[in-house]
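Q: Sequence and computational prediction follow.
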Amino acid sequence: MKPYLAALGIGLLVGALYSLLGTRSPAPPAVALLGLLGMLLGEQAVPLAKRVIHGQEVASFWKSSCAERVTGLPPVPDDAT
């Protein structure tokens, strides 16, 4: 329940920011969806960048963690292929 309340609260803050900036909301659907995609990818960029900076392997991290969060699909076990 907490994630839903947090999402609602953040949405209210963004809506208030739109109002203060004089921007019309909601955005057209294509723009809104691209914005959501950018948010999902941006959220994964920080952990990936940290791994790159520390010289850690990235491909398996993307497959096991990031891809699941971006697509919403559960990871496929390696032995299921």
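A: Thanks, I have it.
Q: Now tell me what touches stretch 33-44 from outside.
A: 27, 62, 66, 69-70 (C-beta atoms under 8 Å, 6 or more residues apart in numbering). Every residue, glycine included, has its C-beta placed from N, CA and C.
Q: Where is the longest helix in the protein?
A: helix 29-53 (DSSP state H).
Q: Now that helix: buried residues?
A: Within helix 29-53, the residues scored as buried using 16 or more other C-beta atoms under 10 Å are 44, 48.
Q: lowest-confidence helix or strand of this structure?
A: Lowest by mean pLDDT, DSSP states H and E among the helices and strands of the chain is helix 67-71, with a mean of 72.
Q: That helix packs against which elements?
A: helix 29-53 (3 or more C-beta pairs under 8 Å, 6 or more residues apart in numbering; DSSP states H and E).
Q: The helix or strand following the helix it packs on packs against which elements?
A: The helix or strand immediately downstream of helix 29-53 is helix 59-61, counting by DSSP states H and E. Using 3+ C-beta pairs under 8 Å, 6+ apart, the elements in contact with helix 59-61 are helix 29-53.
Q: now the helix it packs on, how far from the centre of its chain.
A: Centroid displacement of helix 29-53 relative to its chain, using C-alpha atoms, centre = their mean, to the nearest Å, is 5 Å.
Q: quick one, what contacts residue 69?
A: 40, 43-44.
Q: how about 10 Å then?
A: Counting by C-beta atoms under 10 Å, 6 or more residues apart in numbering, residue 69 makes contact with 40-41, 43-44, 47.
Q: Good, we can wrap up now.
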